[in-house]
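>>> Quick one: sequence and predicted model below, then my questions.
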Amino acid sequence: MIIHRTILKELLINLTVIVFSLSIILFMEKFVKITSVLIGTGADLSDILKIFIYLQPSILLISIPMSILVSIFITYGRMSNDSEIVVLKGCGMSFWGVSRAALMLSLVLFVILLFVSLYLLPRGMSSFKKTLYETIVRKASMTFQEEAFSDVFQGNIIYVRDVVSANKFRGIFIFRAADKTVKEPKSPMVIVAEDGMISSNPEEGLINMTMNKGVIHTYNNNTSSEITFSKYELVLTAEIDQEKIRPEEILTGKLWKGRKRIPWAIELHRRLALPFACIIFGILGPALSNRMGKIGRLGGLSMSLAILIFYYLLLIIGESFAKTGKIPAFLGGWAPNLFLGVFAWIFFYRAYKDRPIKRF
């Protein structure tokens, strides 16, 4: 029907603009966090593009539910303000018919986002981490600047006085902090060398700094020692820990098998709950827009943002309680959907029966 296609077209236009805008904003927010790692590495445009692509599944998991609600409120708020909904109802169209485009779009986005969440998200996060690490390893020498400190490499603060060439340095000072992650913690050390060079192997993820004519000074609470060397090789590790696997990098099948672990269970329910929010927002948006009267685009935008803030605040609080074991992981991930789902059903039923909201 041409009316449904017209409403769907307006929804798609608003959705596309909002998804694109939110994707850029959310990517920049994430990019700022990794700037401290990438700064000085001379990352190419291709590296940044890869990072942008690999981060998209995690960004879309947030931006699509937000975008569907905002686009519905803007579209139906505009229709309500222009009295188009009143005209459609006067022509005999039920509220189910008026909201059909939004419901169909939200159902399609639910299926797409479920695929993104369950399949693309863990693979994208793993590829992002690998690309970021390889970028640092491949261009390790570019992290150093003359007479400046660098803390890109985990547990090390490195200072070089002169950069002779791309991989060679003079006047090297290194402070390596104590490693407390092993059973027998290593003492902190200070290394001073006349010159040295750095080499990297991106395939194996190794970064070696070979230094000549220097001193290694180690110390602890009671003693200290000093060793001179003519040649010393130090293995550096990027700030990103490739060995530590975060829940969002784990394949969904493994998450399901290890769901008895609280962090894994929270991540599993998050992957399922966020796509389902598309359906809830698809039900709530038209119904609430219809009951609020002539709110217009600006009113629809304000209302949708208020609901989104409430939704994600409830999600953050629920996941925090689940992490501490105060509530089950299922409730921590699904509480926002359950709460808003009840309200969505009530408002949709009232709109379908065309019952006015009781005013106090």
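Structure's in. What do you need?

>>> any idea how far Tyr76 is from Phe115?
For Phe115, the distance to Tyr76 (Cβ to Cβ, to the nearest Å) stands at 27 Å. C-beta coordinates here come from the backbone N, C-alpha and C atoms, glycine included.

>>> Between those two, which is the more surrounded one?
A direct count of neighbours by other Cβ atoms under 10 Å for Phe115 and Tyr76 places Tyr76 higher, at 28 against 13.

>>> Can you list phi and psi of the more buried one for me?
For Tyr76, the backbone dihedrals (degrees, to the nearest 10) come out as phi -80, psi -30.

>>> measure it to Ala102 for me?
7 Å.

>>> shared neighbours of these two, which are they?
Gly285, Pro286 (Cβ atoms under 8 Å, 6 or more residues apart in numbering).

>>> so what's the spatially most central residue of the chain up against?
Geometric centre of the chain, nearest residue: Ser58, 4.9 Å, by Cα atoms, centre = their mean. The contact partners of Ser58, taken as Cβ under 8 Å, 6+ apart, are Leu121, Gly124, Met125, Glu248.

>>> secondary structure class for it?
Per DSSP: H, G, I helix; E, B strand; the rest coil, the local secondary structure of Ser58 is helix.

>>> confidence score at it?
For Ser58, the pLDDT comes out at 90.

>>> what do you get for Met142?
Looking at Met142, the pLDDT reads 66.

>>> how about the helix or strand of the chain at the bottom of the mean pLDDT ranking: buried residues?
In the chain, no helix or strand scores lower on mean pLDDT, DSSP states H and E than helix 84-90, which sits at a mean of 74. For helix 84-90, the neighbour count (16 or more other Cβ atoms under 10 Å) marks Glu84, Ile85, Leu88 as buried.

>>> Same check on stretch 104-118?
Leu105, Ser106, Leu109, Phe110, Leu113, Leu114, Val116, Ser117, Leu118.

>>> tell me the contacts of the third one?
Residues near Leu109 by Cβ under 8 Å, 6+ apart: Ile64, Ile68, Cys278, Gly282.

>>> and the first one, helix, strand or coil?
Under the three-state scheme (three-state DSSP), the conformation of Ile64 reads as helix.

>>> Identify the residue spatially nearest to it, adjacent ones excluded.
Leu113 (5.2 Å; Cβ to Cβ, 6 or more residues apart in numbering).

>>> pLDDT of the host helix or strand of the one you found, averaged?
Per DSSP states H and E: Leu113 is located in helix 100-115. Helix 100-115 comes out with an average pLDDT of 92.

>>> How about stretch 122-130?
On average, the pLDDT along stretch 122-130 is 86.

>>> okay but Met66 is in contact with Ile309, surely?
No: assessed by Cβ atoms under 8 Å, Met66 is found out of contact with Ile309, at 10.3 Å.

>>> neighbour count winner among those two?
Comparing Met66 with Ile309 by other Cβ under 10 Å, the one with more neighbours is Met66, at 21 against 10.

>>> Not counting its neighbours along the chain, what's nearest that one?
Nearest to Met66 is Leu308, by Cβ to Cβ, 6+ apart, at 5.5 Å.

>>> name the element Leu234 belongs to?
In this structure, Leu234 sits in strand 224-236 according to DSSP H and E.

>>> Name the residues of that strand that are buried.
Residues of strand 224-236 classed as buried by neighbour count (16+ other Cβ under 10 Å): Tyr232, Leu234, Leu236.

>>> I'd like to know how far the last one sits from Leu109.
Which is Leu236. For Leu236, the distance to Leu109 equals 44 Å [Cβ to Cβ].

>>> And for Ser126?
In terms of Cβ to Cβ, Ser126 sits 25 Å off from Leu109.

>>> Check Ile280 too.
Going from Ile280 to Leu109 by Cβ to Cβ gives 12 Å.

>>> Leu69 too?
To Leu109, Leu69 is 11 Å away according to Cβ to Cβ.

>>> just so I have it, where are all the strands in this protein?
Counting by DSSP state E, the chain has these strands, from start to end: 148-150, 156-163, 168-176, 189-201, 206-219, 224-236.

>>> any low-confidence regions in the chain?
Applying pLDDT under 70 to the chain flags the ranges 1, 33, 35-44, 136-143, 179-186, 201-206, 237-244, 290-300, 354-360.

>>> Could you list the domains of it?
Following automatic domain parsing, the chain resolves into domains at 2-137+244-353, 153-236.
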